[in-house]
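Chemist: The following block contains a protein sequence and its predicted model.
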Amino acid sequence: MRVYFKTYGCQMNENDTLYMMGLLEGKGYRIVDDPMDADVAIVNTCAVRKKAEEKFYGKLGELLKIKKEKGLLIGVGGCLAEKDRGKILEKGADFVFGTKSYPVVDELIERALKGERFLYFDDHLDDVIWNFPRKVSGHHMWVTIIYGCDRFCSYCIVPYTRGRERSRPMDDVLKEVKMLAEKGIREITFLGQNVDAYGKDLKDGTSLARLLEEASKVEGIERLWFLTSYPSDVTDELIEVVAKNPKVAKTFHLPIQAGSDRILEKMRRRYTRQEYLELVEKIRSKVEDVSITTDIIVGFPGETEEDFMETVSLVKEVQFERVNIAMYSPREGTLAWKLYDDDVSKEEKVRRFQYLLELQKGINRKLNERYRGKTVRIIVEARAKSGLMYGRDIRNKIIAFEGDDEMVGRYADIKVTKVTAGPLYGRLVWIEEPERVR
Ligand code: SF4
């Protein structure tokens, strides 16, 4: 039996797909890249933005055509499956399953193969323990440590689709880290919608900071990352670990979303502009040469030119290493959708988006200049579309260079020769011996 996967959205979804792939491969399924070659298609969807939703419905149309031509069983999971449920089944999918149901995707396929068409939203997250089968490849893996989110930002659908915060026990996560290290994984990113909340619900002293410390002691693990932080949940203990532990990446992704207190309040973010700036200051004073990145939404309901200029001034003041910019789109069921009109025009949203993009490009170019002529240690990640190899340094800066596929997973020193607003380019000056990498 051959199965095709299509995944939309965040790393959490990508990771859930790897679990499903591992589970199905263990049951004898073969993963294929083309739905034309498949017997089953599983789509893992995203509901965070309207665009992802539209892309999914386009894809579903393509898959339904294949189904009609040659037969194809279609299963749809993820956040949009939670939101649209019966609508997706009505359009022609064979089964629709929830964000907590993917650990039993094999059983769902079996049911559908018997001709049943159904919705399934039972919670099986407790099945996902350290030795749950999963696809492991390369040198880097994601490990989900906390599910859901309790923050209920007014624009966000995630607390409704992924539920309340629920942490995995630290022992179990550490067993998974050891298992992955034994399989040759050197870099791990701990994932959570609000990763800083990790452990709070366990009430046994578990925290992200403690997990990072313990995971860094696992033999074979070279670098640890974590995503995504909620600014007011970042603790002093966490900053301390990032500052002192050489295996923990020197970067914080701290979504600010808006620079105006009025908009932050309407977004129900639980910090002010001033508190955010103080946090950035505190991190910079403790973590040497730290990289700080962020997310911003432009065109939130009621955002005036004055509000937007406060976001602009914040971006200028902080000098982020990267800014992910999104245009607001109302998500049915959220508080912002209920309370506010989407009153900033599409043209204005595009203008604000472009304005910030240009501003950030200039900042990136300037910040990247610091790398010119320097020799930087990276872990080689993959071959880029350009044909060059690339990797990232401990500050998450991407550097491309001429190299071979055999270098993936190894440390390399690259002398930076060319600087752009995006990646850096350089020349290989040293590569770790392959026998040091298991
Ligand atoms: S912190 Fe806010 S934006 Fe992030 S997942 Fe939770 S509700 Fe959504």
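Modeler: Received, thanks. Numbering: from 1, shown residues only.
Chemist: how many neighbours does Q354 have?
Modeler: A count of nearby residues for Q354, using other CB atoms under 10 Å, gives 12. C-beta here means a position set from N, CA and C on the backbone, and glycine is covered the same way.
Chemist: secondary structure element for it?
Modeler: For Q354, the element it lies in under DSSP states H and E is helix 346-368.
Chemist: Also V344?
Modeler: Under the criterion DSSP H and E, no helix or strand holds V344.
Chemist: Can you name the residues that contact it?
Modeler: Residues in contact with V344, defined by CB atoms under 8 Å, 6 or more residues apart in numbering, are 299-303, 328.
Chemist: From those, keep the buried residues only.
Modeler: 299-301, 303, 328 (16 or more other CB atoms under 10 Å).
Chemist: Show me which residues of the stretch 1-150 of the chain sit near the ligand.
Modeler: Proximity of the stretch 1-150 of the chain to the ligand, by CB under 6 Å from any ligand atom, involves residues C149.
Chemist: got the contact list for the residue in the stretch 1-150 of the chain positioned nearest to the ligand?
Modeler: Residue nearest to the ligand within the stretch 1-150 of the chain: C149 (3.2 Å; CB to the nearest ligand atom). When the contact criterion is CB under 8 Å, 6+ apart, the partners of C149 are 156, 158-159, 162, 164-165, 193-194, 197.
Chemist: did I read that right, it in a strand?
Modeler: No - looking at C149 with DSSP: H, G, I helix; E, B strand; the rest coil, it is coil, so not inside a strand.
Chemist: Leaving out chain neighbours, which residue sits closest to it?
Modeler: Leaving aside its sequence neighbours, C149 sits nearest to Q193 (CB to CB, 6 or more residues apart in numbering; 4.1 Å).
Chemist: so the one you found sits in a helix?
Modeler: No - residue state for Q193 (three-state DSSP) corresponds to coil; a helix is not indicated.
Chemist: roughly how far apart are it and L64?
Modeler: Taking CB to CB, to the nearest Å as the criterion, Q193 is separated from L64 by 31 Å.
Chemist: These two: which has the busier surroundings?
Modeler: Q193 (22 against 16).
Chemist: The more buried one and S229 touch, don't they?
Modeler: No - taking CB atoms under 8 Å as the contact criterion, Q193 and S229 are not neighbours in contact, 10.6 Å apart.
Chemist: how about the residue nearest to C149, what does it touch?
Modeler: When the contact criterion is CB under 8 Å, 6+ apart, the partners of Q193 are 12, 146-149, 158, 162, 228.
Chemist: And it, how far from M12?
Modeler: Separation of Q193 from M12 (CB to CB): 7 Å.
Chemist: repeat for T189
Modeler: T189 sits 11 Å away from M12 when distances are taken as CB to CB.
Chemist: Repeat that for L89.
Modeler: Where M12 is concerned, L89 sits at a distance of 24 Å (CB to CB).
Chemist: Compare the two (neighbour count), which wins?
Modeler: M12 (23 against 17).
Chemist: start to end distance for stretch 19-39?
Modeler: Taking CA to CA, to the nearest Å, the first and last residues of stretch 19-39 lie 19 Å apart.
Chemist: Which positions within that stretch qualify as buried?
Modeler: Buried residues in stretch 19-39, counted by 16+ other CB under 10 Å: 19-24, 29, 32, 35, 38-39.
Chemist: do the same with stretch 241-248
Modeler: Under the neighbour-count criterion of 16+ other CB under 10 Å, stretch 241-248 has 241-242, 245, 247-248 buried.
Chemist: same thing with stretch 350-361?
Modeler: 352-353, 355-356, 359-360.
Chemist: Turn those residues into JSON lines, columns for distance to the ligand and pLDDT.
Modeler: Rendered in JSON lines, the data for those read as follows (distance: CB to the nearest ligand atom, whole Å; pLDDT from 0 to 100):
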{"residue": "R352", "distance to the ligand": "19", "pLDDT": "98"}
{"residue": "F353", "distance to the ligand": "18", "pLDDT": "98"}
{"residue": "Y355", "distance to the ligand": "23", "pLDDT": "98"}
{"residue": "L356", "distance to the ligand": "18", "pLDDT": "98"}
{"residue": "L359", "distance to the ligand": "23", "pLDDT": "98"}
{"residue": "Q360", "distance to the ligand": "20", "pLDDT": "98"}
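Chemist: and which of the residues you listed is nearest to H140?
Modeler: Comparing those against H140 with CB to CB picks out Q360 as the nearest, at 26.0 Å.
Chemist: so the closest one makes contact with V318?
Modeler: No - using CB under 8 Å, Q360 is not in contact with V318; the gap is 10.9 Å.
Chemist: Perfect, I'm done here.
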